[in-house]
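Chemist: Sequence and predicted structure below; questions after.
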Amino acid sequence: MTQDMNPRTCIVSKTEHSPDEMIRFVVGPDSQVYPDLQRKLPGRGVWVLAKRALLEQAIAKSAFSRGFKSKVEADKDLPQLVETLLRKNALQALTMCKKAGLVETGQAKVEAAVRAGAASAFLQASDAGGDGVKKLTSAVKALKVYDEVEIQRIDEFSSDELDQALGGTNTVYVALLDGGASTKLVEMINRLSNYKVGETD
């Protein structure tokens, strides 16, 4: 069943956006507010643009009670829970990309995939450093696509997180090869990054 993609109104900013740009929230039997990232939970939902700062405002200004038209409780840790879930979902999607054969790891293989134009994006561990970063950056620039964001560089995850997602050790560089699953993964990572920035404009 296809999800309804009609625009939704953010309960904080009062602006309309695509559901893909927002986070749906529902109320449990305990009157607590819960995130519904997959947009599948039953019951009435309210929406907040996927920015941490806006979610913090929703809690501080009791916007959820107004949105649900009843007294509800939104835990102060809700913004962190959302970030944790977004992160977990993205790492799970990375695992699925590996199973689909859309992942190359190791500096040499990643650099080769980038130079061959086979990578739609590449991940480098947030704690990476040294010559590897310089070589990959040079490889991307050599294709003259870096400024056009045709090959996106992502440094959202630590080496330990990449190890856990891919079942490796000391994973620092990962190439995402062209494919539907890798495209979806990049969208999920960008959603996480944009949420953390928390800009309200």
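Modeler: Here it is on my side, so go on.
Chemist: Return the helix or strand in the protein with minimum mean pLDDT.
Modeler: Lowest by mean pLDDT, DSSP states H and E among the helices and strands of the chain is helix 131-142, with a mean of 62.
Chemist: and the next helix or strand after that one, which residues are buried?
Modeler: Where DSSP states H and E defines the elements, the next helix or strand beyond helix 131-142 is strand 152-154. Neighbour counts over strand 152-154 (16 or more other CB atoms under 10 Å) mark Gln152, Ile154 as buried. Where you see a C-beta, it was placed from the backbone N, CA and C, and this is true even at glycine.
Chemist: which secondary structure elements does strand 152-154 contact?
Modeler: strand 119-124, helix 131-142, helix 180-197 (3 or more CB pairs under 8 Å, 6 or more residues apart in numbering; DSSP states H and E).
Chemist: now the strands for the chain?
Modeler: Assignment of strands within the chain using DSSP state E yields the ranges 8-9, 16-17, 22-27, 33-36, 46-49, 103-105, 119-124, 152-154, 173-177.
Chemist: could those be laid out in JSON lines, adding distance to Pro79 and mean pLDDT?
Modeler: What follows is those, written out as JSON lines (distance: least, CB to CB, whole Å; pLDDT from 0 to 100):
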{"stretch": "strand 8-9", "distance to Pro79": "19", "mean pLDDT": "95"}
{"stretch": "strand 16-17", "distance to Pro79": "18", "mean pLDDT": "95"}
{"stretch": "strand 22-27", "distance to Pro79": "10", "mean pLDDT": "97"}
{"stretch": "strand 33-36", "distance to Pro79": "10", "mean pLDDT": "97"}
{"stretch": "strand 46-49", "distance to Pro79": "10", "mean pLDDT": "97"}
{"stretch": "strand 103-105", "distance to Pro79": "30", "mean pLDDT": "95"}
{"stretch": "strand 119-124", "distance to Pro79": "25", "mean pLDDT": "89"}
{"stretch": "strand 152-154", "distance to Pro79": "22", "mean pLDDT": "86"}
{"stretch": "strand 173-177", "distance to Pro79": "28", "mean pLDDT": "93"}
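Chemist: do you know which of those strands lies nearest Asp75?
Modeler: Nearest to Asp75, of all those, is strand 33-36, at 7.5 Å by CB to CB.
Chemist: for Ala58, what are its contacts?
Modeler: Applying CB atoms under 8 Å, 6 or more residues apart in numbering to Ala58 gives the contacts Ile11, Val12, Val48, Phe64, Ala74.
Chemist: Show me the two of those residues that sit farthest apart.
Modeler: Farthest-apart pair in the contacts of Ala58 is Val12 and Ala74; separation 11.9 Å (CB to CB).
Chemist: More neighbours: which of the two?
Modeler: Legend: neighbour count by other CB atoms under 10 Å for Val12 and Ala74, higher for Val12 (23 against 20).
Chemist: There's contact between that one and Ala53 in this structure, I believe.
Modeler: No: if you go by CB atoms under 8 Å, Val12 and Ala53 don't touch, sitting 9.2 Å apart.
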